[in-house]
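A.B. asks: Here is a sequence together with a model predicted from it:
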Amino acid sequence: MERREFLKGLVATGTAVTVAGTGIGPLIKKGYAADKKEDIGQCKSLKITCVSETSWFDTPLQLQIVKDSGGTLVSGYAVPWNQDNIGGYSALLEVEQLDGSKHTILMDTNWKQDWCDYVFQKSGVDKLLENKKIDIMVITHEHFDHYWGIRSTLKRWEKVPLVIPNTFYPEGKALLAGKYKNDISKVYNDIPHTGHLEELGPDRLLKLYPGVAVKMFDVPIMHRVRGEQNFYFNIKDKGIVTVTGCCHAGLMNIMTWAQRNIEGAKLYGCYGGLHIAVFENWDPKFDDIIKGVKRLNLQQIGCNHCTGWIWAQKARAEGLPIVLGTQKYTTYKKLPTTGPGAKENVYLRNGDVLVI
């Protein structure tokens, strides 16, 4: 879908719009090279604020809950998640265009609602939503930690323009419609989304603004989720930067997809959860991912969340350009058990900012 078509839909809902002049992943449907490469244009810069990357705080506890509930093939809606161990994932993406105009994008909306309220307030996202200063929100995928905090967003602006994968299950759609409550997994929403909704499939690239595009990869994901959306930013004088929620399609896959399908793509960097050593257990194939990423010649890798601290540490030791985080996360009311006390902070954690 071209940007013009998408923006027409926003205008139709009364939304004000300003228009400016692989880790090793699963088989991807429609992941092959296009007959003609897509020109997504260029933008001047990208500022990424980590609103929250702590989807859970105690990794061994989270893993035990998954095991006790039957494993990763069980629907997330059927798991009695420990409410004291969950937080969420979201990021604020601020794009500057070549003409100086700016766009603000909210990626994902966390898990536990009170944690979402807290990190939105810490980062200023709450006021951006209330003042309708978020141009668009993109939900990367239906996973609990990226999506189930949707009520915290909608109670501030129920008409926020939204893009989701077209593979949401009935529970996910009911949640968005404000008609879902689950006493087992402790998820609910009674505020319907009433703004423009785009359900993106794998057959098209959604061009939001010059230098900004969203691609949906149709991949099977743990806990009965399907499909994940990733951002591609083409930054002038730098190149392609991918921003991802969990990178379930695989880091090598999403980076090489850009090379094959985006006109003039020169890879530069990535940000997000890279879904490698999710539960901090090492597998020899992770060494191969490090070797593969080296061949991509990336200049900046900002990782967190499901990447695996153990992988990020080893990748940095082997020469990959892992961007170090600050100690700002220690000012938050709850801290992860992984990382504190380490010599280097190899994650971009809560409150950290990456500017490209």
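C.D. replies: Structure's in. What do you need?

A.B. asks: Counting neighbours, what do you get for the nearest residue to Pro80 once chain neighbours are set aside?
C.D. replies: Nearest non-adjacent residue to Pro80, counting by CB to CB, 6 or more residues apart in numbering: Ile184, 5.5 Å away. Using the backbone N, CA and C atoms, a C-beta is placed for each residue, glycine as well. Number of residues near Ile184 (other CB atoms under 10 Å) recorded here: 11.

A.B. asks: For Ile184, which residues are in contact?
C.D. replies: With contacts defined as CB atoms under 8 Å, 6 or more residues apart in numbering, the neighbours of Ile184 are 77-80.

A.B. asks: do the same with Gly273
C.D. replies: 53, 89, 244-247, 303-307.

A.B. asks: any idea how far it is from His141?
C.D. replies: Here Gly273 is placed at a distance of 11 Å from His141 (CB to CB, to the nearest Å).

A.B. asks: Overlap in contacts, those two.
C.D. replies: Common contacts of Gly273 and His141, defined by CB under 8 Å, 6+ apart, comprise 245-246.

A.B. asks: so who does the closest residue to Val187 other than its chain neighbours touch?
C.D. replies: Spatial nearest neighbour of Val187, excluding adjacent residues (CB to CB, 6+ apart): Trp148 at 4.7 Å. Counting by CB under 8 Å, 6+ apart, Trp148 makes contact with 88, 110-112, 175, 187.

A.B. asks: Filter the contacts of Ile184 down to the buried ones.
C.D. replies: 77, 79 (16 or more other CB atoms under 10 Å).

A.B. asks: Among the contacts of Trp148, which lie within helices?
C.D. replies: Leu175 (DSSP state H).

A.B. asks: In strands, which of the contacts of Trp148 fall?
C.D. replies: If you go by DSSP state E, these have Val187 in strands.

A.B. asks: now, which of the contacts of Trp148 sits nearest Glu94?
C.D. replies: Asn110 (18.6 Å; CB to CB).

A.B. asks: can you count the residues close to the closest one?
C.D. replies: Close neighbours of Asn110, defined as other CB under 10 Å, add up to 31.

A.B. asks: residues contacting it?
C.D. replies: 51-52, 87-90, 116, 119, 145-146, 148-149, 152.

A.B. asks: let's go with 7 Å and repeat that
C.D. replies: 52, 87-90, 116, 119, 149, 152 (CB atoms under 7 Å, 6 or more residues apart in numbering).

A.B. asks: Met137 too?
C.D. replies: Per CB under 7 Å, 6+ apart, neighbours of Met137: 106, 153, 160-162.

A.B. asks: Kindly report the same for Lys132.
C.D. replies: Contacts for Lys132 (CB under 7 Å, 6+ apart) come out as Trp157.

A.B. asks: The closest residue to Tyr147 other than its chain neighbours - how many residues pack around it?
C.D. replies: Of all residues beyond its chain neighbours, the one nearest Tyr147 is Ile139 (5.4 Å), with distances taken as CB to CB, 6+ apart. Ile139 has 25 neighbouring residues, counting by other CB under 10 Å.

A.B. asks: circling back to that earlier point, farthest pair in the contacts of Asn110?
C.D. replies: Greatest spatial distance in these: Tyr89 and Ser152, 13.1 Å, computed using CB to CB.
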